[in-house]
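Novice: Below is the structure, and that's it, no one-letter string:
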């Protein structure tokens with residue numbers, strides 16, 4: 001497909017509104033917005049924000065779930081050259097206070113409530129000045145740059161502005177060069193969890209969001225006729241710099257689910273004839289196990305993106321029925337994805353690799369000790385250049401000195417290899433590699449072994465310190481419906497498929513795996529549980545079965 005000309009988010013939406021003004025851009029519950037609708041609403045919000053003093057270089061926090069208003073706010077803010085700062089709707093008051101301080105936002109557009117989260121109450125406590133003064137007459141003492149709060153929901157504080165009133169302004173005309181956004185300006189600051197105690201603030205530029213997003217959509221085979229279902233949150237890179245630009249650059253429709261629920265997800269696919277999905281192993285598993293799941297209800301699905309082990313990708317392709325599902329590799333710092341398998345590759349290729357690097361991306365595998373480049377087939381540290389963040393900001397800017405090599409490559413902290421096709425194969429996070437009796441074991445490889453058992457629905461593997469043996473392999477398994485599993489039977493299953501050093505030392509059967517707010521397995525919690533398990537007596541193994 002021909003790529004769009006626009007290199008800022010607002011220009012992209014204006015361009016698509018001109019190409020297909022009546023084409024559906026967003027479906028949010030009963031609301032349907034065309035590209036013309038989306039462009040107009042964003043332009044009116046931009047005019048309203050400009051009237052309140054927001055302009056190029058300012059930062060606009062967005063504390064809204066997967067709703068049409070999230071897109072209107074982000075696109076409207078970036079039309080002014082302001083930077084959108086999506087904030088997690090799972091934030092507790094202390095976490096929200098950290099994000100507001102670290103991001104140094106000038107304005108905040110928020111929803112009054114999200115699930116059990118009372119954001120109106122939290123903001124009232126954090127920013128009492130807005131309750132005592134009229135809009136434009138207060139500034140937060142605790143967050144000194146913040147002087148504007150726009151509330152989606154009852155404003156009920158004198159210093160807050162109603163979202164609908166802000167969006168009632170006359171439509172903003174595209175600002176002249178130098179006043180609006182330029183392609184190299186920051187589009188987003190996204191917060192991502194990782195190796196640090198606090199989330200890192202990642203800067204991401206307009207041109208790279210759009211260009212890399214277009215390339216992702218090309219690997220998926222998107223067209224203007226597609227409807228892309230997004231249940232993971234927009235504030236995550238999987239949403240903001242992956243699903244959003246991949247969909248918009250192809251003139252397709254984004255179907256939003258406010259928060260994942262398997263029965264509703266199935267209904268959305270069926271009702272809107274969704275053709276593409278953004279999924280995770282936990283989402284896929286929940287859908288397949290749901291009593292309302294039948295393949296004919298989701299038969300419209302063709303393509304999508306999937307994070308997971310080879311067996312988890314196979315489950316999405318074969319059992320869920322998304323035949324052209326794409327396997328991916330990425331991170332927030334590298335614009336969501338750097339590698340994506342082509343949707344038309346044979347399934348075995350898509351299962352066993354994350355695809356070739358996307359256009360504009362350079363990936364190399366190096367010896368972690370020396371930094372020397374390694375040949376194809378050799379496992380080493382993964383470094384990425386091309387579409388890479390220009391750096392962290394806020395408190396996490398201290399990581400910039402070590403996050404990049406002297407020649408500008410981003411150190412991902414992952415281990416992987418390039419195969420004979422030039423396609424990338426993820427091995428593990430360097431920190432997650434299990435060092436068992438002097439041998440490196442990939443958790444993903446052991447998880448794949450376990451998932452090949454018909455009675456296993458989900459599996460996660462971590463290491464735990466085990467004295468002179470180095471680390472023990474601890475597996476947590478969720479059984480499929482009605483399956484009766486034992487640790488001994490699963491160990492025997494693994495032993496029949498792989499070398500003995502890959503067989504878990506301990507297998508725990510559990511009703512569910514802990515997951516983060518974005519649906520990833522919460523490995524830190526599992527590692528804590530694994531350490532505790534080693535102090536408990538294990539289920540006896542059959543004689544002679546020790547790995």
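Specialist: That came through fine. These figures come from a predicted structure and were not determined experimentally. Numbering: from 1, shown residues only.

Novice: Please count neighbours and contacts with C-alpha atoms only from this point.
Specialist: Fine.

Novice: Would you mind measuring from residue 131 to residue 165?
Specialist: Distance of residue 131 to residue 165, given as CA to CA, to the nearest Å: 18 Å.

Novice: of the two, who's got more company?
Specialist: More neighbours surround residue 131 than the other of residue 131 and residue 165, with 17 against 12 (other CA atoms under 10 Å).

Novice: Is the more buried one in contact with residue 158, as I believe?
Specialist: Yes - proximity of residue 131 to residue 158 meets the contact threshold set by CA atoms under 8 Å, at 5.5 Å.

Novice: how about residue 450, what does it touch?
Specialist: By CA atoms under 8 Å, 6 or more residues apart in numbering, the contact list for residue 450 reads 456, 459, 490, 493-494.

Novice: mind listing which of those are in helices?
Specialist: Members of the contacts of residue 450 lying in helices (criterion: DSSP state H): 490, 493-494.

Novice: ok, and the most crowded of those?
Specialist: Going by other CA under 10 Å, residue 494 tops the ones in helices among the contacts of residue 450 with 23 neighbours.

Novice: Distance from the worst-scoring helix or strand of the chain on mean pLDDT to the middle of the chain?
Specialist: Lowest on mean pLDDT, DSSP states H and E among the helices and strands of the chain sits strand 439-441, with a mean of 80. Centroid displacement of strand 439-441 relative to its chain, using CA atoms, centre = their mean, to the nearest Å, is 28 Å.

Novice: same check, this time on stretch 424-443
Specialist: Distance of stretch 424-443 from its chain centroid, counting by CA atoms, centre = their mean, is 23 Å.

Novice: distance between the ends of that stretch?
Specialist: End residues of stretch 424-443 are separated by 17 Å (CA to CA).

Novice: Buried ones in it, by neighbour count?
Specialist: Neighbour-count burial for stretch 424-443 flags 424-430, 432-436, 441-443 (criterion: 16 or more other CA atoms under 10 Å).

Novice: Filter the residues you listed down to the ones in helices?
Specialist: Among those, the residues falling in helices (DSSP H) are residue 443.

Novice: Which one of the buried residues of stretch 424-443 is nearest to residue 206?
Specialist: Residue 206 lies nearest to residue 424 out of the buried residues of stretch 424-443, by CA to CA, at 26.1 Å.

Novice: so that closest one bridges to which residues?
Specialist: Going by DSSP bridges, residue 424 is paired in beta bridges with residue 355, residue 418.

Novice: next structured bit after the longest helix along the chain?
Specialist: Determined from DSSP H, the single longest helix within the chain is helix 35-51. Downstream of helix 35-51, the first helix or strand assigned by DSSP states H and E is strand 59-63.

Novice: average pLDDT across that next one?
Specialist: In this model, strand 59-63 has an average pLDDT of 98.

Novice: Contacts for the next helix or strand after it next, please.
Specialist: Where DSSP H and E defines the elements, the next helix or strand beyond strand 59-63 is helix 68-79. The contact list for helix 68-79 (CA under 8 Å, 6+ apart) reads 8-11, 26-28, 38, 41-46, 49, 60, 62, 64, 83-84, 109, 174-175, 180-181, 187.

Novice: what does stretch 319-329 rub up against?
Specialist: Here stretch 319-329 makes contact (CA under 8 Å, 6+ apart) with 219-220, 284, 288, 295, 298-299, 301-308, 313, 316-317, 337-344, 347, 350-351, 353-355, 426.
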